[in-house]
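In: below are the sequence and a predicted model for it; my questions follow.
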Amino acid sequence: MDNKKTGFHISSGRLIDPLSRRDEIGDLYVAGGKIVDPTDFPADFQWLRIDAQGLIIAPGLIDMHVHLREPGETRKETIRTGTLAAAAGGITTVVAMPNTIPPTDNPDTITWIRKKAEKEAVVKVYPTGCITEGRRGEKLSPFQSLVQAGAIALSDDGNCVQNSRMMYLAMEFASILNVPILDHCEDTALSNGGVMNEGYWSTLLGLPGWPSVAEEIMVSRDILLCEKTQARIHLQHLTTEGSVRLLREAKKRGIPISAEVCPHHIALTESALRDYDTRFKMNPPLRGQKDREALIEAIVDGTIEVIASDHAPHTVFEKEVEFEKAPFGVVGLETLLAVCLKELYFSKKMSLLDLFSRLTLGPSRVLGLPQPSLDYGSSADLILLDLGAEWTVEASQFLSKGRNTPFEGLSLKGKVVLTMVEGQIVWKMEGKDLVVK
Amino acid sequence: MQKLKLDEIKRKWKRKDLISLEQLDRSEIETILLIAKDFKKKLKQNEPIPSLMGHTAVALMVEPSTRTRVSFEIAAQKLEISFLSIDYKSSSIQKGESLKDTVKNLEALGIDYLIIRHPAAGSPYFLSKLLQISVINGGDGAHEHPTQGLLDLMTVEEHFGTVSGLNILIVGDILHSRVARSTFWALSKYGAKVRFVGPKTMLPVYFRDFGAEISYDLDQSLPDADCIVLLRIQHERQKTELFPSLNEYIASYGLTKQRLAKCKKDVLIMHPGPVERGVEIESELADSEKSAILRQVENGLAVRMAVYYLLSRNKAT
Ligand SMILES: [Zn+2]
C-alpha cells in the first residue's frame, strides 16, 4: 500500500480520547502514520474506509511494565511474540523491564533490544536500564550511557535496591538526566522468602508469608527520598492499603511521585491460592479484600494514575512444580484491557474516559512520552474495541508464549478487534473484515 | 462391639487422596477413626485383618523422616501391601528431575499409593491433581500431617472417652508446624477447645481466624488444660532469630515438673516425637504415666492402616 496516496477513514465509531476528554460518535482519518484532518488532503486522495459503527475508537494502551524475556529467555517469550500479544491486547507501546539475561545494565544490551525490536516488534518497545549493575543493588549502572542508548527509565524490577544510600544516589543521578526511576518496593529482609501474602491464608496453607509492611516500608523510603531529591519516582505494582495511604499523603504534599497497579491485584485476592495453584503466584503477591478495595479506590480517584500488566511469562514446565519452587509471575498483555473493563468499567466504578486515561495518558506522563490522543497530529496508535464482545480466557489461544494466566476460564466482555501503530494495522481479529471494499 | 462391615464403609468412601484434615468433614474423620479402632482391636486380639495383597505403596521421602516412614511401612505390611520407600538422597529429584516426572514414573510402574513427605507445603495437592493413584500426605512443609492429626485425635478420644469440650493446648513453634495444623483441625472438628501457646514470633495472630485461642503465656494456660500437645523444636527448619535463645525458649515454654504441678491431676501429655529431652519436655515427664507418647505411636499404626484400607480401590487378591 502506498502510504502517500492512501489513508484510513475510520467511520462512525465512539471516539474515546482522554486527553481532550472527548466521548462522542465520530470519524477519524489516518494518513502518514498520524491522525489527520481530511480537509487538508486533495479530493482524489484514497481513503480506505474502516467501518467502526458500534465500536470504540481509542488511543492504543501504553503498558509500562512488561517482561519480554529477550535477550536470554526466548523459551518464555520473545520480542516478537510479546509484542504480538500486546497488539492483540490493544497495547501499542510496551516498556520492557530490565531483568533479561544479560540484564540491561549496559548500553549494548539496550541497543541490542532496540535493534531487535525495530526488526521484529509489531508495537513500540522502550527498554529500561538497570539501576544497579546486575540488579544486585551494589553499584550504580552507567545511567547516562543507558539513557543515551535509549533507556526510557531506570529500574531493577524483580529486585528492589535494599541499600537506601544507593537508592538516594540513584535518584540524584536520575534527576540530572530527568528519567524516572521505577521501583519494585520490597524490603527483602521482611518479605524473607515469602511466596504469598502473609495473613490468614498463608497461615492456613503453611506457606511462607510476604507481609504488606515489606512493601510499605519501601514505599515510605522512596517517598522520603523523592521528597529530598525531587527525582521522578514511580512505584511499581502497588498492592496494599497501606501503600495507597502513604502515596495519597505524599501526593497531597506535592511530592513528584507516581504509582501503578496491576489488573490481577484489583481483580483477585489471596484466597485464590487455596489449591496451591502456581498460576496465582506473583510478586508482589495477591493481597486481601481490603487491599483490593483500596487499590480500586486509588485508581478511581486518580491517586494511582497507571495500570500496567506486569506481564511475566514462564514456561509451563517451570510453573508445574511445588508451589514454593515455582517462579513468580503471570501473563497479562492479552487480558489487561478486558479485566480492567470488568473490574472498573462494567462494575460502574469508572468512566471509559477515566479508565483509558490510566491506560494511556497516565503512563505517557510518567515516562515523558508524547501524550496519546485522537487529535490531529497525534501518532496513529489506536485501537478499535468491541465493548459488547464476550469471550472466555483460554491460555492456549494466547499469542504470548506464556500460558500462566490467573484468569483462565474467566468470562470477559470487551475485545480489541483492530490495533494500529503509526497508522499501520498490526493486529486484527480473525474473521473480522472491517475494511469496506 | 458389633462387627464392622468394612467393605460397606469402604464403598461409601469417596476420596482418592488424604491431603488435609482441614478439608475433611467430621463424618469422614469419624469413618477413618472407626476403622482405625477396629484394626487396633484386631491387632491386639490377633484377629484376621483384611488383605490388600497385590497393592503397592511407595513412600517418597523428599524430606527425611524415619518414624513416619517406618509407621507407614509396618502398616502396609499388616495389610500385605508391598511397600517401598525412596529417600531424598537416592531419588532422581536429587539429580534434577522434577517432582512431576518422578511421580509420573512411579505411577507408570503401577503403584497404588504414593506417600509423600515434602518440605514444600501443598506438594501433595499438586501431585493429587497429576495422578490417578492415591496420594497420602506424609507431611508437607508447614501445612499438614493428616495421619498425625488423626492419631492425636484417636489418642485423646481413647483417653478421655470424648473430645468435645476438652481444653487442649498446643505448645511451641506453631507457625512452622504441620502437626499443629492437622491436630488442630482434627480436635476442633470434634468439638475440643484448642489454644495455641507459643512466642509471638512463632504464633501469628492469624491463627485466631482458624477459630483457635492464642496465648503467649504457657503458665497462665496450664491450669485448665486437659491435654498438652508439645511440638518439637525443629532446629533445622526454624530460623534461630525467632527466639533469642534456646534457653529462653525452654524457660518460657518447656514443660517441667514445676509447671506440671500447676496442671490438672489427670492432664494428658502428648508429643509427636521425636522428643528432644530437656527441651520441650523434661525427660522424666516424657516417660511418666501422664505421657501418651508411645500410645500415639501405636495409634499411628492403626490410623495408617485405616487410611490405606479406605483409599484402596478394589483389586482382586
Ligand atoms: Zn516487580
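Out: Happy to help now that I have it.
In: ok, now how distant is the residue lying closest to B:Leu255 once chain neighbours are set aside from B:Ala292?
Out: Excluding its sequence neighbours, the residue lying closest to B:Leu255 (C-beta to C-beta, 6 or more residues apart in numbering or on different chains) is B:Ile281, at 4.5 Å. Bear in mind the C-beta positions are built from the backbone N, C-alpha and C, glycine included. Separation of B:Ile281 from B:Ala292 (C-beta to C-beta, to the nearest Å): 12 Å.
In: of the two, which one has the most company?
Out: More neighbours surround B:Ile281 than the other of B:Ile281 and B:Ala292, with 27 against 21 (other C-beta atoms under 10 Å in any protein chain shown).
In: quick one, phi/psi of that one?
Out: The phi and psi values for B:Ile281, taken as degrees, to the nearest 10, are phi -150, psi 140.
In: how close does it get to B:Asp226?
Out: Counting by C-beta to C-beta, the separation of B:Ile281 from B:Asp226 is 17 Å.
In: on that earlier part again, doesn't B:Val275 make contact with the residue nearest to B:Leu255?
Out: Yes: look at B:Ile281 against B:Val275 with C-beta atoms under 8 Å: they come within range, at 6.3 Å.
In: stretch A:320-327: how far from the chain's middle?
Out: 25 Å (C-alpha atoms, centre = their mean, to the nearest Å).
In: all helices for chain B, in order.
Out: Using DSSP state H, the helices of chain B run over B:6-12, B:26-44, B:66-78, B:99-108, B:123-130, B:146-160, B:178-189, B:218-221, B:246-253, B:257-260, B:283-287, B:293-311.
In: run a quick neighbour tally on the residue in the stretch 51-200 of chain A that chain B sits nearest to.
Out: The minimum distance from the stretch 51-200 of chain A to chain B, using C-beta to the nearest C-beta, falls at A:Tyr200 (4.5 Å). Using other C-beta under 10 Å, A:Tyr200 has 18 neighbouring residues.
In: so after the longest helix seen in chain A, what's the next helix or strand?
Out: The single longest helix within chain A, with elements called by DSSP H, is helix A:212-229. Downstream of helix A:212-229, the first helix or strand assigned by DSSP states H and E is strand A:233-235.
In: now do the buried residues in the helix or strand following that next one.
Out: The helix or strand immediately downstream of strand A:233-235 is helix A:241-252, counting by DSSP H and E. Residues of helix A:241-252 classed as buried: A:241-244, A:246-248, A:250-251 (neighbour count, 16 or more other C-beta atoms under 10 Å in any protein chain shown).
In: report how many residues lie close to A:Gly414.
Out: Look at A:Gly414: counted by other C-beta under 10 Å, it has 21 neighbours.
In: so it: helix, strand or coil?
Out: strand (DSSP: H, G, I helix; E, B strand; the rest coil).
In: now it: closest residue in space that isn't a chain neighbour?
Out: Leaving aside its sequence neighbours, A:Gly414 sits nearest to A:Leu341 (C-beta to C-beta, 6+ apart; 4.2 Å).
In: shouldn't the one you found be within a strand?
Out: No: going by three-state DSSP, the assignment for A:Leu341 is helix, not a strand.
In: neighbours around it, how many?
Out: The tally of other residues near A:Leu341 (other C-beta under 10 Å) stands at 21.
In: which residues touch it?
Out: Residues counted as contacts of A:Leu341 (C-beta atoms under 8 Å, 6 or more residues apart in numbering or on different chains) are A:355, A:387, A:412-414.
In: now it: how far from the ion?
Out: Distance from A:Leu341 to the ion, counting by C-beta to the ion, to the nearest Å: 24 Å.
In: now do that residue, the pLDDT please.
Out: A:Leu341 carries a pLDDT score of 98 in this model.
In: again with the one 5 residues further on
Out: The score at A:Phe346 is 98. That number is its pLDDT.
In: circling back to that earlier point, between the buried residues of helix A:241-252, which is nearest the ion?
Out: Nearest to the ion among the buried residues of helix A:241-252, counting by C-beta to the ion, is A:Ser243 at 13.5 Å.
In: find the closest residue to chain B in the stretch 251-400 of chain A.
Out: A:Tyr276 (3.2 Å).
In: thought that residue was touching B:Ala120?
Out: No: with contact defined as C-beta under 8 Å, A:Tyr276 does not reach B:Ala120; the gap is 9.0 Å.
In: low-confidence ranges in the chain?
Out: Just going to use chain A. Applying pLDDT under 70 to chain A flags the ranges A:1-4, A:437.
In: think we crossed wires, I meant chain B
Out: Using pLDDT under 70, the flagged stretches of chain B are B:1-2, B:91-94, B:235-240, B:314-317.
In: and it, what are its domains?
Out: B:6-144+B:298-311, B:146-293 (automatic domain parsing).
In: now do the end-to-end distance for the first one.
Out: Across domain B:6-144+B:298-311, the straight-line distance between its terminal residues is 12 Å, by C-alpha to C-alpha, to the nearest Å.
In: find the closest residue to the ion in chain A.
Out: The nearest approach of chain A to the ion comes at A:His184, 3.6 Å away (C-beta to the ion).
In: among the domains of chain B, which is nearest A:Met350?
Out: Of all the domains of chain B, domain B:146-293 sits nearest to A:Met350, with 32.5 Å by C-beta to C-beta.
In: and that closest one, how far out from the chain's middle?
Out: Counting by C-alpha atoms, centre = their mean, domain B:146-293 is centred 13 Å from the centre of its parent chain.
In: tell me how far the ends of it are from each other?
Out: Terminal residues of domain B:146-293 are spaced 17 Å apart (C-alpha to C-alpha).
In: do stretch A:235-247 as well
Out: From its first residue to its last, stretch A:235-247 covers 9 Å (C-alpha to C-alpha).
In: and A:Leu48, helix, strand or coil?
Out: In terms of secondary structure, A:Leu48 is strand; the call rests on three-state DSSP.
In: wait, A:Asn192 sits on A:Pro208?
Out: Yes: A:Asn192 lies in contact with A:Pro208 (C-beta under 8 Å); the separation is 7.2 Å.
In: alright, I will stop here.
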